[in-house]
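*Asks:* Structure for this input, please:
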Amino acid sequence: MARKVPLERVRNVGIMAHIDAGKTTTTERILYYTGVNYKMGEVHEGTATMDWMEQEKERGITITAASTTCFWRDHRINIIDTPGHVDFTVEVERSLRVLDGAIAIFDAVAGVEPQSETVWRQANKYGVPRIAFVNKMDRVDANFERTIEMMRDRLNAKPVAIQIPWGVESSFKGVIDLVEMRGIVYKDETLGADYKVTEIPPEYKEKAVEMREVMLEAIAEEDEEFLEKFLGGHDWNVEDVRSALRRCTIAGSLQPVLCGSAFKNKGIQPLLDAIVDYLPSPKDLPPVEGKNPISDEKEVRYPKDDEPFAALVFKIMNDPFVGQLSYIRVYSGSLSSGDTVLNAARGKQERIGRLLRMHANKREEIKEIYTGDIVAVVGLKTAVTGDTICTPEYPILLESMRFPEPVISVSIEPKTKADQEKLAKALSKMSKEDPTFKVSVDKETGQTIISGMGELHLEIITDRLVREFKVGANVGKPKVSFRETITVPAEGEGKYIKQTGGRGQYGHCKIRIRPIGGRDFSFVNKITGGVIPKEFIKPVEVGIKEAMETGPLAGYPVVGVEVELYDGSFHEVDSSELAFKVAGSMAFQEAVKKAHPVLLEPIMDLEITVPEDYVGGVINDLISRRGRVLGVEAREKVHVIRAKVPLAEMFGYATTLRSLTQGRGTYTMQFHSYEEASKSVVDKVLEGSGVA
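*Replies:* All right, here's what the predicted structure looks like:
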């Protein structure tokens, strides 16, 4: 079966922003105007197509990234609507890994908010071209130009306005297009489906000419081809402007900025035009690079249907009707249901069952998929997030994804014996779905511990256990996930000798450790002359990694250490992998005790928005929580306090802030870094008095 839509007419885009900036509302309007939905869903009514989970409908927030497909101007647009809440940042991370372009949505009143910065940095990491949409232009205090200025200051971005708003706040009626120099007014009676293209009104003419000049100069600065026409007196037209702006956007040197009000149905059609005009197709991007999992040599796949098949699994989901769904992005080649693929990360071949095009949680069965497609696959039993599936004859392993470590934990236990087995199965399925959700067992108490990115994250997990998996469970109080590290270099020796009458065990190694900061681990093999055979080096590293899981101070994982294996000895007969693994563990345990270990606690970035009258009380409360206030910024009628605060002091903060500000304060919090804990905190942890 031949491809229906040419590759150059495919757009894979994500919608990303801070919580409550209007991502899902914008997506709902896109689905309405492209004819996918005949009725607009609303987040506040719990009827949004993309927010299909019960928990999303109740809370009015997006929790899981949902994908859908629509058509505009004969182009297929695959859209992923991502969450804005920091606890679900993994959904943004893995979506951006597989997308070709992104729409960053900003609230015209709040401007660039903390999670906007996080998702922008994630997009930078993966080099994703972006366009920006300044939403909520109908709101009181909406300010288009201030938002653009904040993009420059806070995001180090290069925004270029290709529209300006026609009216503001309650008088916002449409947009003025600076590329074609025309006005667009929306008809409220048709829910924005009909709009009128007009001349630019006289009162906006001067502003439009000035802003267009700024736009053209910004494009000319970044695009040589356009610069020659612009300065050389050559004839250039609207198409030249569009082409140059497209080149700049794909290169990441500029970000076109549009405006509108998704809730009031204004500005969505030009946004769809911008997706088609400025964001790349899979063909516009460089070929994807990986390595051969057998020979370790570099492999390249070009975005063509006749190349060997290669795709990345970027999300796992459990569907109650079809079982495990693996969401994949196809980078090259084509695939039919029933084909056999290789999971290059696991070295296992699997048969593809069904291929599904997803519309949020609704499924459309398809027979074949091609380069650039984002679909769900049934039948991949071994796949986890970040795995590569490919043609068995042409193996390639694409770069996987790295996810943040959980910062908060709770204990969980089944209510009845019947729940015990169900709980284990449910937790296993959910940890496979979500790489930032971890399940472990406390060695001392035997309790099951679940860890995640925040209180809301764990709340959603426990809610799903009850509703989705029908498991009764008791949940303990939240605990902070501390870490341990070392502060000075040290040496350690591990010697494991065991005689059992028959063949014994012998492993001996000497190591040096030193602090390297951050949360990394580095292992350096300095063995020369064969004092430890090559096959026993890896077991030493494995033993060290196992020992790092339990630190010497309070049993928390050890991070930020470089280990150098420099000496040791072996026995011709008695040495084994097990013996060297134990020796490595013993050597690390000895060295880490000498290296002045310290406790690290997670520090959170906090941004609080409050009316001016409450600033003093909120700051005093933050100081009492060991917080460091970084600055207070005055905006229209509110003040924004930015601070760093230990996570251990922030449990239940929402209630405190409500009482301090009579319910008028809001805050967002996200993980910043681990820092050395004070003596009083260490003492409390060691005494087990509730901090940990």
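
*Asks:* So, low pLDDT: which residues of the stretch 101-250 of the chain?
*Replies:* Applying pLDDT under 70 to the stretch 101-250 of the chain flags residues 233-234.

*Asks:* all strands in it, in order from the N-terminus.
*Replies:* 101-107, 130-135, 159-161, 163-166, 174-177, 182-186, 195-198 (DSSP state E, counting those that start in this stretch).

*Asks:* Packed most tightly, which of those strands would that be?
*Replies:* strand 130-135 (a mean of 27; mean count of other Cβ atoms under 10 Å). No exception for glycine: its C-beta is placed from N, CA and C like everyone else's.

*Asks:* Please list the residues outside it that contact it.
*Replies:* Residues outside strand 130-135 that contact it (Cβ atoms under 8 Å, 6 or more residues apart in numbering) are 21-22, 25-26, 101-108, 120, 123, 144, 147-148, 151, 157, 159, 249, 252, 255-262, 267, 271, 274-275, 278-279.

*Asks:* Render the CA-only coordinates of that strand in PDB, please.
*Replies:* The C-alpha coordinates for strand 130-135 follow below in PDB (Å, rounded to 0.1, in the frame of the first residue of the first chain):
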ATOM      1  CA  ARG A 130       9.800  26.200  17.800                       C
ATOM      2  CA  ILE A 131       7.100  28.700  17.100                       C
ATOM      3  CA  ALA A 132       5.500  30.600  20.000                       C
ATOM      4  CA  PHE A 133       1.800  31.400  20.600                       C
ATOM      5  CA  VAL A 134       1.000  34.100  23.100                       C
ATOM      6  CA  ASN A 135      -2.400  33.000  24.400                       C
END
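
*Asks:* Just give the strands next to it in its sheet, each with its orientation.
*Replies:* Applying DSSP bridges, strand 130-135 is found paired with strand 101-107 (parallel), strand 255-259 (parallel).

*Asks:* how about the top strand by length along the chain: buried residues?
*Replies:* In the chain, with assignment by DSSP state E, the single longest strand is strand 598-611. Under the neighbour-count criterion of 16 or more other Cβ atoms under 10 Å, strand 598-611 has 598-610 buried.

*Asks:* what do you get for stretch 279-294?
*Replies:* By neighbour count on 16+ other Cβ under 10 Å, the buried set for stretch 279-294 is 279-285, 288, 290-291, 293.

*Asks:* Also stretch 549-556?
*Replies:* Buried residues in stretch 549-556 (16+ other Cβ under 10 Å): 551-553, 556.

*Asks:* Which one of these is nearest to residue 459?
*Replies:* residue 556 (23.5 Å; Cβ to Cβ).

*Asks:* and the nearest residue to that closest one once chain neighbours are set aside, what does it touch?
*Replies:* Once flanking residues are discounted, residue 556 sits nearest to residue 482: 4.6 Å by Cβ to Cβ, 6 or more residues apart in numbering. Neighbouring residues of residue 482 by Cβ under 8 Å, 6+ apart: 554, 556, 599-602, 677, 685, 692.

*Asks:* and these as CSV, adding pLDDT and distance to residue 382?
*Replies:* As requested, those are exported to CSV (pLDDT from 0 to 100; distance: Cβ to Cβ, whole Å):
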residue, pLDDT, distance to residue 382
554, 87, 36
556, 88, 31
599, 93, 38
600, 92, 35
601, 91, 37
602, 89, 33
677, 90, 40
685, 85, 39
692, 42, 36
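
*Asks:* of the residues you listed, closest to residue 214?
*Replies:* Using Cβ to Cβ, residue 602 is the member of the contacts of residue 482 that sits closest to residue 214, with 42.9 Å.

*Asks:* got the contact list for that closest one?
*Replies:* Residue 602 neighbours (Cβ under 8 Å, 6+ apart): 407, 480-482, 646-647, 671, 673-674.

*Asks:* What strands line up against the longest strand of the chain, and which way round?
*Replies:* Strand 598-611 has these strand partners (DSSP bridges): strand 483-485 (antiparallel), strand 638-646 (antiparallel), strand 666-676 (antiparallel).

*Asks:* Please identify the most buried of the ones you listed.
*Replies:* Comparing those by mean count of other Cβ under 10 Å gives strand 483-485 as most buried, with a mean of 23.

*Asks:* so residue 600 touches residue 678, yeah?
*Replies:* No: taking contacts as Cβ atoms under 8 Å, residue 600 lies outside contact range of residue 678: 11.5 Å.

*Asks:* For the contacts of residue 602, give me JSON lines that also has pLDDT and distance to residue 309.
*Replies:* JSON lines is the format used below for the contacts of residue 602 (pLDDT from 0 to 100; distance: Cβ to Cβ, whole Å):
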{"residue": "407", "pLDDT": "78", "distance to residue 309": "38"}
{"residue": "480", "pLDDT": "85", "distance to residue 309": "45"}
{"residue": "481", "pLDDT": "84", "distance to residue 309": "40"}
{"residue": "482", "pLDDT": "89", "distance to residue 309": "45"}
{"residue": "646", "pLDDT": "92", "distance to residue 309": "48"}
{"residue": "647", "pLDDT": "88", "distance to residue 309": "44"}
{"residue": "671", "pLDDT": "82", "distance to residue 309": "37"}
{"residue": "673", "pLDDT": "86", "distance to residue 309": "41"}
{"residue": "674", "pLDDT": "89", "distance to residue 309": "41"}
